[in-house]
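[1] here you go, sequence then predicted model.
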Amino acid sequence: MRVFEEKQWFDQWWLWAMLIIVSGVFLLEPIRKINHNGAFALDYLDTGFWIGFAVMVPVVLLFRFLALYTEIDEHGIRYRFAPFQGNLKQISWQEIEKCHTRKYRPLLEYGGWGMRMGSKGGAYNVRGNFGIQIKFKNGNRLLIGTQKPEEAQQIIDKYFNNERI
């Protein structure tokens, strides 16, 4: 039994650079608030700092734990966009009319990365511009991003298209 497994994170350097820079702006505020004696007290920090801190910490943690899991085997395709989906969602081969990997344009087709809805259906993606395109028998469409399009296509060919590998 051949199986495709992939786990992807939001690990783009530019994203983390942006998060660090924005977080750094909030962390500089306490340094500026050190009083003339060199002492520091939390009561010197204004409400803006605490609001920024309360927003930035969860955002950074969210991006740290966001992950897209994909599995393909003889039963179908399973995916999970953690932490929003607790269990893998199962799509059986019998539900699918068409399935293939393709290059896509995340910004134009789906408005970016993450859990998205666009003119071409739903998408789960975290980076790049390759995905597993699924057209369901009921007409709905779903794209699941992948960094391994050739490997995914081989498994799709084996189990969906019934080709020998």
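    Here it is on my side, so go on. From a predicted model like this one, the values you see are computed outputs, not experimental measurements.

[2] where do the helices sit along this protein?
    Shown for the chain, the helices assigned by DSSP state H span residues 13-32, 47-65, 149-159.

[3] remind me what the second one packs against, helices and strands.
    Read that as helix 47-65. helix 13-32 (3 or more Cβ pairs under 8 Å, 6 or more residues apart in numbering; DSSP states H and E). Yep, even glycine has a C-beta here, placed from its N, CA and C like the rest.

[4] how long is stretch 4-22 end to end?
    End-to-end span of stretch 4-22 (Cα to Cα, to the nearest Å): 37 Å.

[5] my guess is Glu74 contacts Tyr159, does it?
    Yes - counting by Cβ atoms under 8 Å, Glu74 touches Tyr159, with 5.2 Å between them.

[6] higher neighbour count, those two?
    In this view Glu74 and Tyr159 are compared by other Cβ atoms under 10 Å, and Tyr159 has more residues nearby, 22 against 12.

[7] hmm, back to that, turn the helices of the chain into a markdown table, including distance to Gly122 and mean pLDDT.
    Converted to a markdown table, the helices of the chain look like this (distance: least, Cβ to Cβ, whole Å; pLDDT from 0 to 100):
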| stretch | distance to Gly122 | mean pLDDT |
| --- | --- | --- |
| helix 13-32 | 22 | 70 |
| helix 47-65 | 20 | 76 |
| helix 149-159 | 18 | 94 |
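
[8] indicate which one of these is closest to Arg127.
    Minimum separation from Arg127 across the helices of the chain (Cβ to Cβ) falls at helix 13-32, 8.9 Å.

[9] return the most buried member of the helices of the chain.
    helix 149-159 (a mean of 18; mean count of other Cβ atoms under 10 Å).

[10] which residues are in contact with that one?
    For helix 149-159, the external contacting residues (Cβ atoms under 8 Å, 6 or more residues apart in numbering) are 2-4, 6, 70, 72-74, 76, 93, 99-103, 130-132, 146, 163-165.
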